[in-house]
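# dropping a prediction and its sequence here:
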Amino acid sequence: MKLLQIDSSARAGSVTRRLTAKFAEEWRTNHPTGEIIQRDLSTTMLPLITDDWNATRVEPSKLNPSQRSYLSTSDALIEEVLAADIIVIGAPMYNFAISSLLKAWIDQVVRVGKAVAYGQQGPQGLLGKRKVVVITARGGAYEKGTPKEKFDFQEPYLRHVFGFVGLTDVTFIHAENQARDEAGPSLAAAAERIGHLVA
Ligand SMILES: Cc1cc2nc3c(=O)[nH]c(=O)nc-3n(C[C@H](O)[C@H](O)[C@H](O)COP(=O)(O)O)c2cc1C
């Protein structure tokens, strides 16, 4: 069993980092022989998509060395996903959505031919069969059924883009109200959910 742990907060002692670490620790207890691959997006800046991304449309055997080099980050990140049985992602809410670090990772992974294929039936995701757990932290609260729900562009976006590449088994755990008095209880509730989920 392999767990891929992805962190995308800019802050060292962040809420999502604490929660993904707890997830990994509990997962390790339940899978003593399992392997954990850590991908901290704040330590390695991923390349942005540039005009060079057109290399993704070139037949692999015809790529020149510079195109191969440009695509090597995307290749490696996709391999990491394919090697994992379960993926846990720490996703801070920034400006109602995800951090640019996580967006850069998504842009490298969502690649035609490797992560999604277009056929007669339209797009078909190629990264399926693995479980994804997204642990978010927010300063405020965006609970379902409340007027603030419509400002949550984080969960709907991640569900959609992961579904696009075939990752449909996605569970969200939200640590909300991290900028308010309720921060402690909300963090404790998220930690408890992690415990139940891993068990
Ligand atoms: C640049 C930035 C933008 C933020 N935008 C929002 C926001 O739109 N909504 C919200 O509820 N909290 C927002 N926050 C608060 C964070 O979501 C909160 O601090 C959370 O704990 C961040 O996760 P982390 O602790 O793992 O870094 C923002 C924080 C930062 C630094």
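Arrived safely.
# partners of Q38 in the sheet?
With DSSP bridges as the criterion, the beta-bridge partners of Q38 are Q5.
# what about it, how many residues close to it?
Around Q38 there are 13 other residues, counting by other C-beta atoms under 10 Å. To be clear about C-beta, it is placed using only N, CA and C from the backbone, and glycine gets the same treatment.
# which residues in the chain form strands?
Shown for the chain, the strands assigned by DSSP state E span residues 2-7, 35-40, 86-92, 116-119, 122-125, 131-137, 170-175.
# flag every buried residue along the fourth one.
Under the neighbour-count criterion of 16 or more other C-beta atoms under 10 Å, strand 116-119 has V116 buried.
# then the second one?
In terms of neighbour count (16+ other C-beta under 10 Å), strand 35-40 has its buried residues at I36, R39.
# and it with strand 86-92, angle?
In terms of direction (axes from the mean of the first three to the mean of the last three C-alpha atoms, to 10 degrees), strand 35-40 departs from strand 86-92 by 20 degrees.
# could you give the angle of strand 35-40 to strand 2-7?
Angular relation of strand 35-40 and strand 2-7 on a 0 to 180 degree scale: 20 degrees, by the same axes, to 10 degrees.
# does anything pack onto strand 35-40? Which helices or strands?
Applying 3 or more C-beta pairs under 8 Å, 6 or more residues apart in numbering; DSSP states H and E, one finds that strand 35-40 contacts strand 2-7, helix 15-30, helix 65-83.
# out of the ones you listed, which one sits most buried?
Using mean count of other C-beta atoms under 10 Å, the stretch among the helices and strands packed on strand 35-40 with the largest mean neighbour count is strand 2-7, at a mean of 22.
# and it, how far out from the chain's middle?
Taking C-alpha atoms, centre = their mean, to the nearest Å, one finds strand 2-7 lying 9 Å from the centre of the chain it belongs to.
# ok, residues contacting that strand?
For strand 2-7, the surrounding residues in contact (C-beta atoms under 8 Å, 6 or more residues apart in numbering) are 14, 16-17, 20, 23-24, 27, 31, 34-42, 80-81, 83-90, 102, 105.
# how near is the nearest residue to V81 once chain neighbours are set aside to K62?
For V81, ignoring the flanking residues on the chain, the nearest one in space by C-beta to C-beta, 6 or more residues apart in numbering is L127 at 5.7 Å. Separation of L127 from K62 (C-beta to C-beta, to the nearest Å): 25 Å.
# same question for I78.
Remark: distance between I78 and K62 (C-beta to C-beta) = 19 Å.
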